[in-house]
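Enquirer: next come a sequence and a model predicted from it.
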Amino acid sequence: MIKVSDIAKKRVVQLMQDDGFNPEDDFVRVGVKSGGCSGLSYDLKFDAEKAEDDKVFEDNGVRIIVDKKSFLYLVGTTLEYSGGLNGTGFVFNNPNASRTCGCGESFSL
């Protein structure tokens with residue numbers, strides 16, 4: 001399960017609508033790929049299609065899909081949004097990560 005904070009929900013809904021997606025029908029696709037300064041990085045995008053092996057979650061009114069491979073890395077993660085002086089953007093609070101980079105966009109296990 002992936003959780004979505006209230007502030008992240010507001011930002012996701014706004015961005016989905018700006019990009020022509022419907023927050024009630026479409027998804028936020030969350031994934032993990034190789035790269036970043038810590039070895040693995042998060043991949044976040046909007047998607048209207050669900051693949052056969054995708055896991056589907058809904059939290060705080062946001063529909064999330066995760067591919068089977070990424071799911072194991074993301075269990076228990078909370079998607080948050082930061083608008084502070086140190087940068088603006090989505091932040092992943094991942095309890096599975098043993099190390100994260102300063103920007104919060106990459107991690108290692």
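Expert: Noted; the coordinates are in hand.

Enquirer: just checking, what packs against the one helix or strand residue 30 maps to?
Expert: Using DSSP states H and E, residue 30 maps to strand 27-34. Contact partners of strand 27-34 among helices and strands, from 3 or more C-beta pairs under 8 Å, 6 or more residues apart in numbering; DSSP states H and E: strand 40-47, strand 62-66, helix 68-74. For the C-beta atoms, the positions are set from N, CA and C on the backbone; glycine is no exception.

Enquirer: hmm, try it at 10 Å
Expert: If contacts are counted by 3 or more C-beta pairs under 10 Å, 6 or more residues apart in numbering; DSSP states H and E, strand 27-34 sits against helix 6-18, strand 40-47, strand 55-59, strand 62-66, helix 68-74, strand 87-93, strand 106-108.

Enquirer: low-confidence ranges, this protein, go.
Expert: 35-38, 84-87, 98-109 (pLDDT under 70).

Enquirer: what residue lies at the spatial centre of it?
Expert: By C-alpha atoms, centre = their mean, the chain has its centre lying nearest to residue 30, at 4.3 Å.

Enquirer: pretty sure it contacts residue 59?
Expert: No: if you go by C-beta atoms under 10 Å, residue 30 and residue 59 don't touch, sitting 11.3 Å apart.

Enquirer: tell me the spacing between the residue nearest to the centre of the chain and residue 22.
Expert: 18 Å (C-beta to C-beta, to the nearest Å).

Enquirer: circling back: and the helices and strands packed on strand 27-34, which is most packed in?
Expert: strand 62-66 (a mean of 22; mean count of other C-beta atoms under 10 Å).

Enquirer: okay, the angle between that strand and strand 27-34?
Expert: In terms of direction (axes from the mean of the first three to the mean of the last three C-alpha atoms, to 10 degrees), strand 62-66 departs from strand 27-34 by 30 degrees.
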